[in-house]
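Peer 1: just coords:
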């Protein structure tokens with residue numbers, strides 16, 4: 001049967017915090033003639049981590065001395081953002097724009113592993129062989145506490161991101177055809193010169209469409225370059241995600257003001273989502289989610 005252990009010191013924890021933030025923002029818009037608009041924006045923003053990351057729980061593997069959990073001491077992600085837009089509305093419904101941005105980031109969150117002293121339940125097993133190996137190796141003390149490699153979300157200091165987004169959209173006269181596209185270049189690094197988590201250097205979207213009468217059709221392609229992700233398992237280095245592109249399509253027919261049928265397809269290229277440690281010769285995960293299709297009939301009244 002299961003062994004019920006007595007509560008250990010430190011198992012029951014209560015953590016509170018009190019935070020105040022000054023969050024200024026400013027927006028300036030300047031129109032030049034009929035076609036050009038210039039914008040400037042500055043804002044300081046904060047965002048708390050999801051509750052599951054802030055819950056002070058822990059899950060331990062007593063045989064590998066690894067574990068994972070939340071972190072009740074997480075501070076809010078903070079960023080001071082500066083943006084400058086130049087927009088040209090050169091035709092009806094048409095736009096070409098450039099956005100320059102800079103973000104000063106504080107307390108960004110990443111997941112990594114540190115050594116923590118935790119109670120090991122196998123110290124009470126009838127067969128003490130496994131636990132004695134830990135004691136002999138200097139990983140545990142005779143009272144049942146061991147050094148675990150615990151993976152938690154943690155505040156990782158400061159960083160900055162700067163770059164540009166180029167946008168273009170245009171309907172082609174009365175043909176029903178048009179296109180929406182954008183490209184973003186972002187150069188981000190931590191104060192120590194390391195890559196910022198979840199920051200791709202290049203991102204592209206391209207979406208040609210047709211909308212006229214009852215028929216609507218659209219292709220949507222999104223691509224982002226490789227980026228650093230969070231930790232994979234306790235004790236292991238963080239993983240990177242390989243460049244990934246996704247092609248989707250939608251087709252719709254509107255019978256009247258009440259009835260409409262639509263068909264949607266996702267991941268038409270059947271792309272692989274690939275995670276690796278350091279280099280692609282050290283794979284961590286490979287995911288093939290397959291192509292997905294949906295057919296829907298809508299009624300409005």
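Peer 2: In hand now; what should we look at? The model shown is predicted, which means the values in this text are computed figures rather than measured ones. Residues are numbered from 1 along each chain as shown.

Peer 1: show me where pLDDT drops low in the stretch 1-150 of the chain?
Peer 2: Counting by pLDDT under 70, the ranges of the stretch 1-150 of the chain that qualify are 1-11.

Peer 1: number of nearby residues for the nearest residue to residue 195 once chain neighbours are set aside?
Peer 2: What sits nearest to residue 195 in space, not counting adjacent residues and going by Cβ to Cβ, 6 or more residues apart in numbering, is residue 228, at 4.5 Å. Placement of C-beta: from N, CA and C, glycine included. Counted with other Cβ atoms under 10 Å, the neighbours of residue 228 add up to 16.

Peer 1: in what helix or strand does residue 52 lie?
Peer 2: If you go by DSSP states H and E, residue 52 is part of helix 51-54.

Peer 1: so how far is stretch 292-301 off the chain centroid?
Peer 2: Relative to its chain's centre, stretch 292-301 lies at 29 Å (Cα atoms, centre = their mean, to the nearest Å).

Peer 1: still on that earlier bit, got a list of what the residue nearest to residue 195 touches?
Peer 2: 195-199, 238, 240-241 (Cβ atoms under 8 Å, 6 or more residues apart in numbering).

Peer 1: check those residues for burial and list the buried ones.
Peer 2: 195-197, 199, 238, 240-241 (16 or more other Cβ atoms under 10 Å).

Peer 1: among these, which are located in strands?
Peer 2: 240-241 (DSSP state E).

Peer 1: pipe the buried ones among the contacts of residue 228 into a markdown table and attach pLDDT per row.
Peer 2: Shown next, in a markdown table, are the buried ones among the contacts of residue 228 (pLDDT from 0 to 100):
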| residue | pLDDT |
| --- | --- |
| 195 | 82 |
| 196 | 84 |
| 197 | 82 |
| 199 | 89 |
| 238 | 73 |
| 240 | 91 |
| 241 | 94 |
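
Peer 1: redo the buried ones among the contacts of residue 228 as JSON lines? Include distance to residue 282.
Peer 2: Shown next, in JSON lines, are the buried ones among the contacts of residue 228 (distance: Cβ to Cβ, whole Å):
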{"residue": "195", "distance to residue 282": "17"}
{"residue": "196", "distance to residue 282": "21"}
{"residue": "197", "distance to residue 282": "18"}
{"residue": "199", "distance to residue 282": "21"}
{"residue": "238", "distance to residue 282": "12"}
{"residue": "240", "distance to residue 282": "10"}
{"residue": "241", "distance to residue 282": "14"}
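
Peer 1: so which of the buried ones among the contacts of residue 228 is the closest to residue 116?
Peer 2: Distance ranking of these against residue 116, using Cβ to Cβ, places residue 238 first at 18.3 Å.

Peer 1: that closest one and residue 229 touch, don't they?
Peer 2: Yes: if you go by Cβ atoms under 8 Å, residue 238 and residue 229 touch, sitting 6.4 Å apart.

Peer 1: any common contacting residues for those two?
Peer 2: Common neighbours of residue 238 and residue 229, counting by Cβ under 8 Å, 6+ apart, are residue 197.

Peer 1: show me the contact partners of stretch 285-295.
Peer 2: Residues contacting stretch 285-295 (Cβ under 8 Å, 6+ apart): 232, 239, 261-268, 270, 272-275.

Peer 1: please redo it, this time with the cut-off set to 10 Å
Peer 2: Taking contacts as Cβ atoms under 10 Å, 6 or more residues apart in numbering, the residues outside stretch 285-295 that touch it are 229, 232, 239, 241-242, 247-251, 261-276.

Peer 1: do stretch 252-267 as well
Peer 2: So stretch 252-267 is contacted by 211, 213-220, 245-251, 273, 288-301 (Cβ under 10 Å, 6+ apart).

Peer 1: PyMOL command for the buried members of the residues you listed?
Peer 2: Here is the PyMOL selection string for the buried members of those, based on 16+ other Cβ under 10 Å:
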select buried, resi 216+217+218+219+220+247+248+250
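
Peer 1: having no further points to raise, I will conclude here.
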